[in-house]
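*Asks:* Compute the structure for the input listed below.
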Amino acid sequence: MTLTPVPFTKRLTERSLTFGTRLCLGLDPRLNAYGNRDALRQHTLAVLDACAPYAACVKPQFAFYEALGLWGMALLEEVCTAARALDLPIILDAKRGDIGSTAAAYAQAWLSGDHAGDALTVNPFLGAETLTPFVDAARQYGGAVFVLVKTSNPGQADFQGGGISEKVAAEVARLGSDEGGLSSGGLSSVGAVVGATHPQELAQWRAAMPQAPLLLPGLGAQGARAADLAAAFLPGGTGAVVSASRGIQYAAGLDVDAAVSAARTFRDELNAALRD
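*Replies:* Residues are numbered from 1 along each chain as shown. The predicted model follows:
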């Protein structure tokens with residue numbers, strides 16, 4: 001008998017409420033911060049293990065593992081295996097997007113198998129039809145996709161202005177409304193990336209995508225503040241997670257205790273913002 005996987009959004013909501021955290025732990029291992037690959041591996045896994053109690057999910061940034069070649073791909077699989085052992089949902093930040101069978105191949109690669117994430121960030125720039133293989137794979141495997149809607153970098157305005165982000169948000173909402181039997185908390189498997197660096201817009205994006213889980217990157221090193229982010233959440237403090245990477249993994253060089261302290265502080269600041 002094949003067991004039906006617990007949907008990603010259900011797992012994310014349950015962990016968020018059980019552990020009292022809305023923090024997404026970003027893991028971006030940068031080789032130039034270490035003396036060698038073994039030190040990179042040990043530190044990355046140590047940060048994951050030590051910070052897990054303060055995180056609702058983990059987000060490996062694919063680029064940093066890809067930059068390490070085949071060894072990096074093996075490390076990514078090891079990170080995902082460790083995260084699963086900690087019962088941490090995995091958002092693989094790969095920003096994939098392509099047409100037809102190529103999109104289907106990307107979806108198969110990064111939404112199924114030991115090296116894959118439970119959820120994947122995807123780029124809609126090639127058109128709405130290119131999202132379909134990713135959404136289909138996410139639903140098949142109990143995962144999710146996070147579509148780039150409004151990214152956290154300053155240059156996003158070059159191509160995301162002029163109503164483009166609004167069009168993508170409308171498609172995210174449409175895909176979510178098409179989903180039969182929404183998972184936990186009324187959340188669909190089709191989420192959105194909305195930068196935490198745009199706090200004044202969060203209420204707008206939440207209203208535009210009421211069933212979408214939101215991933216908010218930019219906490220810490222990019223300047224976003226936890227106190228400004230409450231509008232992204234649904235009642236009860238669910239429906240969104242806020243990502244911090246450098247501000248945790250390299251909070252004070254390679255000090256794992258400092259990483260733990262940073263993760264705990266971000267968690268507490270997010271919880272305080274929701275209480276206020």
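
*Asks:* Can you find the helix or strand of the protein with the lowest average pLDDT?
*Replies:* When the helices and strands of the chain are compared on mean pLDDT, DSSP states H and E, helix 157-160 comes out lowest with a mean of 84.

*Asks:* Check which residues of that one are buried.
*Replies:* For helix 157-160, a neighbour-count test (16 or more other CB atoms under 10 Å) marks Gln160 as buried. For glycine as for every other residue, the C-beta is placed from the backbone atoms N, C-alpha and C.

*Asks:* For that helix, enumerate the helices and strands it packs against.
*Replies:* The helices and strands touching helix 157-160, judged by 3 or more CB pairs under 8 Å, 6 or more residues apart in numbering; DSSP states H and E, number zero.

*Asks:* Heading C-terminal from that helix, find the next helix or strand.
*Replies:* Next along the chain after helix 157-160, taking DSSP states H and E as the criterion, comes helix 164-177.

*Asks:* who does that next one touch, helix- and strand-wise?
*Replies:* strand 144-150, strand 190-194, helix 202-208.

*Asks:* And these: which comes nearest Phe125?
*Replies:* strand 144-150 (8.1 Å; CB to CB).

*Asks:* Tell me the strands beside the closest one, with direction?
*Replies:* Paired neighbours of strand 144-150 in the sheet (DSSP bridges): strand 119-122 (parallel), strand 190-194 (parallel).

*Asks:* Could you single out the most deeply buried of those strands?
*Replies:* Highest mean neighbour count of those: strand 190-194, a mean of 29 (counted as mean count of other CB atoms under 10 Å).

*Asks:* circling back to that earlier point, how about the least confident helix or strand of the chain as CSV, C-alpha atoms only?
*Replies:* C-alpha atoms of helix 157-160 as CSV (Å, rounded to 0.1, in the frame of the first residue of the first chain):
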residue,chain,number,x,y,z
ALA,A,157,11.8,46.9,-9.6
ASP,A,158,13.5,46.7,-13.1
PHE,A,159,11.2,43.9,-14.2
GLN,A,160,8.6,43.3,-11.4
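
*Asks:* From the rest of the structure, what touches it?
*Replies:* Applying CB atoms under 8 Å, 6 or more residues apart in numbering, the external contacts of helix 157-160 come out as 125, 150-151.

*Asks:* who wins for most neighbours among the residues you listed?
*Replies:* Top of the contacts of helix 157-160 by neighbour number is Lys150, holding 24 neighbours under the definition other CB atoms under 10 Å.

*Asks:* For it, give me the pLDDT.
*Replies:* At Lys150, the predicted lDDT confidence score is 94.

*Asks:* can you count the residues close to Glu66?
*Replies:* Neighbour number of Glu66 under other CB under 10 Å is 13.

*Asks:* Quick one: mean pLDDT over the longest helix anywhere in the chain.
*Replies:* When the chain is parsed with DSSP state H, its longest helix is helix 256-275. Helix 256-275 carries an average pLDDT of 97.

*Asks:* list the buried ones in the one helix or strand Ala83 maps to?
*Replies:* Per DSSP H and E, Ala83 falls inside helix 69-85. Across helix 69-85, burial judged by 16+ other CB under 10 Å covers 72, 75-76, 78-80, 82-83.

*Asks:* Could you do stretch 96-104 as well?
*Replies:* 96-98, 103-104.

*Asks:* can you redo the buried residues of helix 69-85 as JSON lines with distance to Gly142?
*Replies:* Putting those into JSON lines (distance: CB to CB, whole Å) gives the following:
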{"residue": "Gly72", "distance to Gly142": "26"}
{"residue": "Leu75", "distance to Gly142": "25"}
{"residue": "Leu76", "distance to Gly142": "20"}
{"residue": "Glu78", "distance to Gly142": "22"}
{"residue": "Val79", "distance to Gly142": "20"}
{"residue": "Cys80", "distance to Gly142": "15"}
{"residue": "Ala82", "distance to Gly142": "20"}
{"residue": "Ala83", "distance to Gly142": "16"}
